[in-house]
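S.K.: here you go, sequence then predicted model.
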Amino acid sequence: MELQFTKAEQEFRDEVRTWLSEHVPRERRPRDLRAARDFDLAWQRTQYDAGWAGIAWPVEYGGRGLSLTQQLIWFEEYARTGLVSIDSRFVGLAHAGPTLIARATPEQQAQHLPPILRGDVVWCQGFSEPEAGSDLASLRTRAIVDGDDLVVTGQKVWTSFAPIADWQELLVRTDPDAPKHKGITWVICDMRSPGIEVRPLRTIPGSAEFAEVFYDEVRIPTANVVGAVNDGWRVAMSTLSFERGTAFTIDQVQLAMTVDRLIELARQRKGFDGRPLIADEAIAGELALARAEVSALRAMTYAGVSRNLTSAEPGPEGSMFKLFWSELAQRVDRLAMDVLGAGGLRRRDESPDAEWIERYLSSYANSIGGGTSEIQRNIIAERVLGLPR
Amino acid sequence: MELQFTKAEQEFRDEVRTWLSEHVPRERRPRDLRAARDFDLAWQRTQYDAGWAGIAWPVEYGGRGLSLTQQLIWFEEYARTGLVSIDSRFVGLAHAGPTLIARATPEQQAQHLPPILRGDVVWCQGFSEPEAGSDLASLRTRAIVDGDDLVVTGQKVWTSFAPIADWQELLVRTDPDAPKHKGITWVICDMRSPGIEVRPLRTIPGSAEFAEVFYDEVRIPTANVVGAVNDGWRVAMSTLSFERGTAFTIDQVQLAMTVDRLIELARQRKGFDGRPLIADEAIAGELALARAEVSALRAMTYAGVSRNLTSAEPGPEGSMFKLFWSELAQRVDRLAMDVLGAGGLRRRDESPDAEWIERYLSSYANSIGGGTSEIQRNIIAERVLGLPR
Amino acid sequence: MDLTPTVDQEEIISSTRAFLVDRLPVARTRELIDEPSNVDLDAWRASAEQGWFGLGLAEVLGGVGVGLADEALLFREIGRSLASGPFLATTLAARVAAVAGFDDLAARLLEGTVRAGLAEPRSQLDAFGPGGVDGDLDLFDAVDVEVVVLVGVGGAALLSMSALADITPVECIDPASRLHEATATSALPLAFVAASADPVFLRGVTLSAAALAGMAEALRDLSAEHARTRIQFGSPIGTNQAVKHPCAEMHVRAEAAWSQTVFAALALDEDRADAEFHALAAKVVASQAARRNAAAAIQVLGGMGFTFEHDAHLYMKRAHVLAHVLGDARWAQARLLNLPVEL
Amino acid sequence: MDLTPTVDQEEIISSTRAFLVDRLPVARTRELIDEPSNVDLDAWRASAEQGWFGLGLAEVLGGVGVGLADEALLFREIGRSLASGPFLATTLAARVAAVAGFDDLAARLLEGTVRAGLAEPRSQLDAFGPGGVDGDLDLFDAVDVEVVVLVGVGGAALLSMSALADITPVECIDPASRLHEATATSALPLAFVAASADPVFLRGVTLSAAALAGMAEALRDLSAEHARTRIQFGSPIGTNQAVKHPCAEMHVRAEAAWSQTVFAALALDEDRADAEFHALAAKVVASQAARRNAAAAIQVLGGMGFTFEHDAHLYMKRAHVLAHVLGDARWAQARLLNLPVEL
């Protein structure tokens, strides 16, 4: 066991840190979705041009093929810049791309992988449906094979970046008579196809980061099917994560920075009695505990990555990290509202409080999106502890 | 809606308070079980002689037949004396007695009810088994009808006061082939019958307030069966509670007193930094919240009793009260350990800390005994909110 | 002692509930979000006609003359329905005006022709008196109003909007509330009622607790409804204890909040010495119930709970406002430790 | 960076685990409860022979010379097995003796012929130095010992039992621990090692965290085992989310505790500037994990968990002792806010 990084890794870290400090976008990421797309893709192109694109992807697919530890270092340094952790490049780089690498034909790979790395395209996901949330296998969006096309009719929901996406990784039901997990197909959908309607979906913070996508007899060439027709569940489950737990470090580093900023805020703000809030042990104790726990979150991330260095299959670290992180982040975000006091009622763009309120409102999604906390607890209990279903 | 009691009720309260202040035992209740039995029964006899026995029982069974509000007042005043809320009279007065009133024959009633009220006998319960805890209907203690006797073989557990009990309300399986809830019989068991062995069961605090009871071909006259053979589940479920929620007030009043004593302790004790612990907002905040919640617990009790004044069937207030009380009491008892600090490690009879430690160790049972918190949540969700099983 | 509603009180409950379901349901609140004013003027006047703003005010002062407990029943329904507009501020302002002898203003507030906003000091709660008000204020629902009511431990003041400076609109965390910032510099109250003359503050604390308790109940109900009907993995999600148990806890919290609120209202109605304790305890317990039930409801509702389209977040946001005004829970908690409680 | 054990470390884990399962399982701890001493002398000597008390001590000082991380692996197993006796105190005392040049005492401690108890000051943790010790002390497992080790932020001292007055046995909340009260009046330490010379305190903090992490794991395991095998209502109780989810949370807490403990041990081994932060963070997280897992385990175990016969409560009681000594969680938490952390 050792904590320190090798000399080569430390040099790599220096290199990353220097490059990022010189190239990270200075301007604020735009709020407008289209402008954000341009911003994200330009930033991807900058990374691509400097050789930092596809950092975790195998070399044969245009990636850098770096070690898991280097990947961890990259993410840590990236997180320290304060850039948002999930932007419009996310689905392409972290999900659709790796799935194509695992299961697509060479032609499909040649068509889609380079544009993702170069920052030419935005992908979105088309998995969740109104009636298939946690129970994804119940999806109902139907596709009928008609000649060389799939004809898709139905609805997806919770689709991040749909209004600005070029492509979608789409799950459709191609055999309605097969058992739930069978009869599903994974297909590449061109978001500009006729019959697709994207409706923005407002969420608790009031913004529209999600969308509903409606499909009315949308024709998708069967050449876009990845894997085989009716084999989509296996394709979806086989999505490779080249990052193998290292990406968690982004959330961890950013939460650690958030806790320290909140401590600073509690030093500045005064309570009813005129004392700084940090002098209130109820607040101070919560903050100290959060600091200890966010440190434990890093230690857990390191431990998980260490296991993945040698093991063939990534473990259920994802569920563990997600559960611990989401509960902790929610507690921190709720505590921030206590620190703000009356300030927490005011949403004013120019105020430094606005960001805390935004975080707080967004944090309700932490324990829902990407698998609810309840599902994560099921997974940990059943897969790690062997409890019966 | 009104909070105040009528003039007659207030006079009743004065009467109760005066009588209790003059007659409540001055000496401490003995720790030794046999001595505690003598103490409890003597105290019952004192109440009986003064006309306070069977306060909630109908007049035709020797009770006082007082109103529900008077019953509430009696319990409130009783709790204020600081006497333990559950002693060896409990099963007879609050459980077996009411069941006999509901279901027993006049002969059984004549034999058993007067001794309970007079303080001549101690009853215990024989329901739970090692393999039938929350799932009581799975009980396995077997009884075979042999002539005029039931012959009982098996084991019960968690039996309070078994070593000092004269009688037991016993559930046995008389038809092993019937479905779970059928084939059970409710029978009055003489604890001095040959073949009964009582083994004390030590618990977390280290004391032996419970016992295991083993039955080896114990013969019980069928005349002792209450209701019919194989109809015991219905008998058990029909146990009348003449108290209809008023008894909760004992736990509520005692918890309120505990919280106020803990506040006093926090004023006296000093933390690491030499300040009184009450100056620590983390402690003070918890204590203040506990004070508010214990008040809400009283309000809930009053509201429940108010509903029961007019409704035919008591509602699921019991589960609600039990859940709220047990979680709150556990929090208070754990907070006491924080207030004690290093003192919480020392169990010394003569120290005032010892009682807090005892409370804390005992409090683990709050959310288990008498129906676990999990079971209470099921009951509330299913019976009150109509959620599916 | 009887905490169940009388026949008259049952009538208040059912008529207000029917009115709110018909005229001011959450859907109406949602429509008003994007309007300049968050008040439905027709419904406002109709509620005034039913005596809502003077329910607890003595008949000689122009009110209906029932107890605070009856008023609490009303505000519980308002909370449940998430009706928007300055119901609480107008009720308190009418009381201050009437008690202080400003009969005209009281009458207009009571009949619904004018409304009052709520002014909340941004620092200490009791730092003002009849001689003048100084400091930064937050104004809630002070749209198209000429007066705001400022209520603290020491007493309650009516302030003319014209006595305030730097009135600036600010987006409120609750989109269905309206928030302005303002400053007062030796602003002379139109009227001032000391706490010793009338416990306006404790009445306001109790009524805000009642609204929060009603919200906690509404959140429980919409969660339970979802748990009964939403199918995942072939069964209603309410079969899962991970859904069932949070719903049970929402119920217990809602019951605790409402029971303590009734207790507080009756304690004030009956002049009990521990009325202040009970009012603040109600505020603390009800604030917690509303906020926790909102978080639990959003979680039970899953992805749907995170949408703007579902109502859960509107309750959550309103709970932030109501928990803060008229006895912020953190402040109340600190006071609770030392107040006497009677058995 | 690699937090997985090396082959040598795997060997430490499996050999200590095998030894503890064989010689010092919880059942043995339970037997020792009613003995005058809570130490199994044969097992004690056997563990000394394996180098347990000098694992992290340099070879030139008579130790095995591996890192604190290796020692943490050992103490995690001791915690898991709930072995009773002054393992931690003797390890720290041997270190103090060796570093201070008391070679004879060090050798006897290392070879297991004598043991040391742990002295914990009853008020402030750093109020003593080489010049003398004053105040009330709690002594843990100071049975048949001649010395106790007193460890604070400023340094660590060895005290002769004969230098202490009013030594009085007191029943400890943990029946498998032994507690005495004592007072020191200008008691001159036999040896004193300043924190600047050797971070004995932070090592003790980390090792107590390791033991607590091991206990949190053991509690998770016995809960999961019960959940898999206990049948109620026709199914293993682990099918209920009300059982399943607490077990999952026990696992996450145990993982967090152990991961942070390893991080702290390595931070000390590698002389990182933020080692103090990590040691205290480990103590806070591991204390919480052990105490919460104990409470959750007792609840999952139901009536069986409340019996003295089941082991869960022994872990709970030991957790109270270990969380308190060597950096009480409340005290540590207050310090955590201001200590620097490196990325």
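M.R.: Everything's here; your move. Quick caveat, the model's predicted, so the values are computed rather than measured. Numbers count the residues shown, from 1 in each chain, chains lettered A, B, ... in the order given.
S.K.: which one is residue 260 nearest to, not counting chain neighbours?
M.R.: No chain specified, so I'll use chain A. Nearest non-adjacent residue to A:D260, counting by CB to CB, 6 or more residues apart in numbering or on different chains: A:R291, 7.7 Å away. Where you see a C-beta, it was placed from the backbone N, CA and C, and this is true even at glycine.
S.K.: that's the wrong chain, I wanted chain C
M.R.: Counting by CB to CB, 6+ apart, the residue nearest C:Q260 is B:A296, at 4.0 Å.
S.K.: quick one: contacts for the one you found?
M.R.: B:F324, C:A256, C:A257, C:S259, C:Q260, C:A281, C:A282, C:V285 (CB atoms under 8 Å, 6 or more residues apart in numbering or on different chains).
S.K.: what helix or strand does it sit in?
M.R.: helix B:281-310 (DSSP states H and E).
S.K.: list the buried residues for the next helix or strand after that helix?
M.R.: Following helix B:281-310 in sequence order, the next helix or strand is helix B:317-340 (DSSP H and E). For helix B:317-340, the neighbour count (16 or more other CB atoms under 10 Å in any protein chain shown) marks B:317-330, B:332-333, B:335-340 as buried.
S.K.: just those residues that are near chain D?
M.R.: B:M337, B:D338 (CB under 8 Å from any CB of the partner chain).
S.K.: point me to the residue of chain A nearest chain C.
M.R.: Residue nearest to chain C within chain A (CB to the nearest CB): A:R202, separated by 3.6 Å.
S.K.: any idea how far the residue nearest to that residue when sequence neighbours are not counted is from C:D221?
M.R.: Computed as CB to CB, 6+ apart, the closest residue to A:R202 that is not its neighbour in sequence is C:F308, at 3.6 Å. Relative to C:D221, C:F308 is positioned 20 Å away (CB to CB, to the nearest Å).
S.K.: one more: A:A247?
M.R.: A:A247 sits 40 Å away from C:D221, taking CB to CB as the criterion.
S.K.: next one: A:D166
M.R.: Taken as CB to CB, the span from A:D166 to C:D221 is 44 Å.
S.K.: hmm, back to that, for the residue of chain A closest to chain C, give its distance to A:F75.
M.R.: 31 Å.
S.K.: between the two, which one's more packed in?
M.R.: Shown here are A:R202 and A:F75; by other CB atoms under 10 Å in any protein chain shown, A:F75 has more neighbours (24 against 13).
S.K.: give me the pLDDT for the residue nearest to A:D260.
M.R.: A:R291 is assigned 98 on the pLDDT scale.
S.K.: using the three-state scheme, assign A:A79.
M.R.: helix (DSSP: H, G, I helix; E, B strand; the rest coil).
S.K.: surely it touches A:A247?
M.R.: No. Counting by CB atoms under 8 Å, A:A79 stays clear of A:A247, with 9.7 Å between them.
S.K.: higher neighbour count, the two?
M.R.: The neighbour count for A:A79 versus A:A247, taken as other CB under 10 Å, is higher for A:A247 (25 against 21).
S.K.: show me what contacts the nearest residue to C:A176 once chain neighbours are set aside?
M.R.: Of all residues not flanking C:A176 in the chain, C:S84 sits nearest, at 4.4 Å (CB to CB, 6+ apart). The contact partners of C:S84, by CB under 8 Å, 6+ apart, come to C:L24, C:T29, C:L32, C:N38, C:V39, C:D141, C:A176, C:S177.
S.K.: which positions in stretch A:367-383 come out as buried?
M.R.: Buried, per 16+ other CB under 10 Å, within stretch A:367-383: A:367-369, A:371-382.
S.K.: okay, now residue 29: neighbour count?
M.R.: Picked chain A for this. When neighbours are counted by other CB under 10 Å, A:R29 comes out with 13.
S.K.: nope, chain C please
M.R.: Neighbours around C:T29, by other CB under 10 Å: 23.
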